[in-house]
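Q: This is a predicted model, with the sequence first.
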Amino acid sequence: MIDFFEIHTDNTDIIRNSYLIANDNGTLIPSKKGHESISFELGIDIIISFIRSTEANKFRRMYVSFSVHKQANNGLHNADFLSFSRAKITIKKILAYLEITEFHFHYFNVDKIELGFNYDINDEPKYLLDAMLMVGSKFFSYQNQEKNPYFKNTKSEKGTNNIIFKHYSKGRQIDKIKRLPNYELGYCQENLMRWEISIERLAKVPRLKIRELSDLFRDGAEKLIKEFMALEFARVFVFDHQSVATKQITKNSKNEQYLKKFKTKNYWYKTKTLDRDKKKYDNLPKRKNIKNLIEIQLKKELEKTAISTAFLKQKSDKTENVKTTTNKGVRRDSDSENCIVCQSLYLANNTKSKKCKVTGVDISCQKENSQFLNLVGLRFLKKYDSSNYKKLEKQFLNLSKEYVNNEEKLYYLAHNIRNKHFNTIHNRRSYEQRNYHPNQLQFSFP
């Protein structure tokens, strides 16, 4: 249901902590000289961008963007069914890489979102693409028919909420890495089609009532999204003169004249009575109604609320394959590489013991290249070594945070532990910048 997704925050604490994580674990994306942003890629196609502030070495905004559907399939594809429940699980999992929990969601605004559904009515993709003519008054068009003959979309125009509608063959979509169509890779059926709504400025679509990220997780959000998709598809106009039942049309009748007129080349692009002509075409007798067939599948798709059976099977298979490693007795899942004990969302495939640079606590259950104790390690410590966890609370937690909820407490603990290391470095640099001129002679003492 949810595909591409972009959020942003202006919260300085979250930005600072996320930057340190992205800088430690991500891949820097080259940008033009003098550009006001710096971007990293985490994992596969998870992009984190930081917009520079007027103050040196500071950022005023952070963007996080990724394909929810693709990440739900471990970055491989987005060609299967994705339930709303599974989409929310995936969003939480990805944001946990940046130590962002549901407690922080109200600090984020949702900027862009793609909503779509797949259907297969056993017709050739090219035939279905040609038949789907417009949404409201927006015409579908092939943007680059030679390179991408199975993709159509509408243009984004000012004053139209920046909504783009897409219609394309999901089965024949080419995988960018393997350079083969999805159906040949076994991701979906050959004739599977996708209809999609790409909202580039979600704030301009008040009907969805999704402003903050927390709105996506509130009760009733799924229902609003499904109703929105159904209403938008109802505005689709499908023109297929081949499906008209010509035998049921009387010779020399008005219906025959209408059909002849509608079949004229570029008629729909030139007519000044578009709404009336649509109604006249819809009233013509038909052998089959493509739009109705798609709407039936859309209704079934939107009625699916549970996690897909393939995903449930995958989870049950993982549970069966759980095994115990020799690393401090931490049990890990051999397939997903998730730490079973602390329910880590990070990869836990590192069998070597490693310790936090600041506290000296064992952080083997965290991501392999972690350097500091984070939310995952703190949750594990709190559950299985409460005495050491309490010592960390006394050392790193401010008295003002003593009575906050558990998740918030863990967040500030991880934040303060990391800052203990970096503040020492940054404070020294700031001191040197204030007191030493760049050209001043300096002596290095042992």
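A: Great, that's in hand.
Q: hey, where'd the strands end up in the stretch 201-350 of the chain?
A: For the stretch 201-350 of the chain, the strands defined by DSSP state E, counting those that start in this stretch cover 236-238, 322-324, 331-333.
Q: Check which helices and strands the first one sits against.
A: Put plainly, it is strand 236-238. strand 132-135, helix 290-303 (3 or more CB pairs under 8 Å, 6 or more residues apart in numbering; DSSP states H and E). Where C-beta positions appear, they are placed from N, C-alpha and C, glycine not excepted.
Q: That strand: partners in the sheet, and parallel or antiparallel?
A: strand 132-135 (antiparallel) (DSSP bridges).
Q: for the following helix or strand past the partner strand, packing partners?
A: Later in the chain than strand 132-135, the nearest helix or strand by DSSP states H and E is strand 138-139. Strand 138-139 sits against no helix or strand, with contacts defined as 3+ CB pairs under 8 Å, 6+ apart.
Q: partner strands of strand 138-139, parallel or antiparallel?
A: Strand 138-139 is paired, per DSSP bridges, with strand 132-135 (antiparallel).
Q: contacts for the partner strand?
A: With contact meaning CB atoms under 8 Å, 6 or more residues apart in numbering, strand 132-135 is reached by 139-140, 152, 154, 165, 167, 232, 235-239, 268, 290.
Q: Turn these into TSV, columns for pLDDT and neighbour count.
A: TSV is the format used below for the contacts of strand 132-135 (pLDDT from 0 to 100; neighbours: other CB atoms under 10 Å):
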residue	pLDDT	neighbour count
F139	91	14
F140	91	23
K152	89	22
T154	89	20
F165	93	24
H167	92	22
E232	91	17
R235	92	12
V236	92	19
F237	93	22
V238	92	18
F239	92	21
W268	93	17
I290	89	19
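Q: and of those residues, the nearest to Q371?
A: Taking CB to CB as the measure, Q371 lies nearest F165 of the contacts of strand 132-135, at 45.4 Å.
Q: Are we agreed that the closest one is in a strand?
A: Yes: under DSSP: H, G, I helix; E, B strand; the rest coil, F165 sits within a strand.
Q: ok now the strand ranked longest in the chain, how far from the chain's centre?
A: Secondary structure of the chain per DSSP state E: the longest strand is strand 108-119. Remark: strand 108-119 is offset 8 Å from the chain centroid, using CA atoms, centre = their mean, to the nearest Å.
Q: Switch the contacts of strand 132-135 over to TSV; also include distance to D282.
A: As requested, those are exported to TSV (distance: CB to CB, whole Å):
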residue	distance to D282
F139	18
F140	18
K152	21
T154	20
F165	19
H167	19
E232	18
R235	13
V236	12
F237	8
V238	9
F239	10
W268	13
I290	12
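Q: So S198: helix, strand or coil?
A: Per three-state DSSP, the local secondary structure of S198 is strand.
Q: That one - nearest residue in space that isn't next to it in sequence?
A: I164 (4.3 Å; CB to CB, 6 or more residues apart in numbering).
Q: Quick check: which ranges of this protein have low pLDDT?
A: By pLDDT under 70, the low-scoring segments of the chain are 33-34, 156-161, 304-353, 423-446.
Q: in it, which spans are helices?
A: Using DSSP state H, the helices of the chain run over 12-25, 68-72, 84-96, 125-131, 221-234, 254-262, 267-270, 274-282, 290-303, 309-320, 375-384, 386-396, 406-435.
Q: Flag every buried residue along the third one.
A: By neighbour count with 16 or more other CB atoms under 10 Å, helix 84-96 contains the buried residues F84, S85, R86, A87, K88, I89, T90, I91, I94, L95, A96.
Q: how about the helices of the chain in a markdown table, adding distance to E146?
A: Below are those laid out as a markdown table (distance: least, CB to CB, whole Å):
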| stretch | distance to E146 |
| --- | --- |
| helix 12-25 | 38 |
| helix 68-72 | 26 |
| helix 84-96 | 34 |
| helix 125-131 | 14 |
| helix 221-234 | 29 |
| helix 254-262 | 28 |
| helix 267-270 | 21 |
| helix 274-282 | 29 |
| helix 290-303 | 26 |
| helix 309-320 | 35 |
| helix 375-384 | 48 |
| helix 386-396 | 60 |
| helix 406-435 | 51 |
